[in-house]
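Trainee: Quick one: sequence and predicted model below, then my questions.
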Amino acid sequence: MESMLLLGAGLMTAAFVAIVLFSPSTLTEESADWEIVDVCLAGHSEIVSHEHATLRIFIDGSEVAIAANIGIDDSECDGMRGIHTHDETGKLHIETPTQMNAPIGAFFEIWGETFNENQILNQVADEDSEVVMYVNGELNDEYQNSVIHNNDVIEIYYRDRSD
């Protein structure tokens with residue numbers, strides 16, 4: 001009986017480890033608590049900070065369009081979220097009632113999409129492909145936790161590891 005319990009405990013531990021290793025976005029994204037995600041502004045009169053950045057996403061060499069009006073009049077906010085878009089240029093508007101950090105992961109949460117070191121949108125890294133991020137031309141390994149600054153150019157690539 002004791003050996004059966006030990007075997008069961010070992011299997012459960014192995015299963016937990018496998019889940020953590022092969023599904024890191026599950027734990028990473030749920031543990032993020034970014035203040036800016038909860039910002040909802042009725043208009044521009046409430047804004048203390050107004051900055052811009054550009055986001056570009058490339059999947060296997062093809063650029064992905066960033067939709068207009070992400071974070072505007074959505075199911076969480078009848079107004080503007082702390083990070084939002086107005087058009088399809090990839091220009092992010094960071095508008096807040098107080099000074100606060102704007103991690104790129106917060107934008108993806110507002111958008112309802114996934115971004116971390118292992119996944120961009122529906123593309124998951126594996127032994128043949130990777131997710132790589134550059135901020136202002138410099139490799140950045142902070143991924144979803146990288147704080148957006150005014151005039152940043154953020155480029156995220158899902159590509160073959162050989163590239």
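Mentor: It's in.
Trainee: And the helices in the protein, which stretches?
Mentor: In order along the chain, the chain carries the following helices (DSSP state H): 2-22, 24-31, 104-111.
Trainee: Now do the same contact list for the residue nearest to D152 when sequence neighbours are not counted.
Mentor: In this structure, D152 finds its nearest non-sequential neighbour in A53, 4.1 Å apart by C-beta to C-beta, 6 or more residues apart in numbering. In this view, the C-beta of every residue, glycine as well, is placed from N, C-alpha and C. Taking C-beta atoms under 8 Å, 6 or more residues apart in numbering, we find A53 in contact with 91-92, 94, 148-154.
Trainee: so where's this protein uncertain?
Mentor: For the chain, the stretches flagged by pLDDT under 70 are 3-31.
Trainee: any idea which residue of it is furthest from its center?
Mentor: Residue distances from the centre of the chain (C-alpha atoms, centre = their mean) peak at M1, which lies 46.8 Å from the mean C-alpha position.
Trainee: Leaving out chain neighbours, which residue sits closest to L121?
Mentor: Taking C-beta to C-beta, 6+ apart as the measure, L121 lies nearest to E113, with 5.5 Å between them; neighbours along the chain are not counted.
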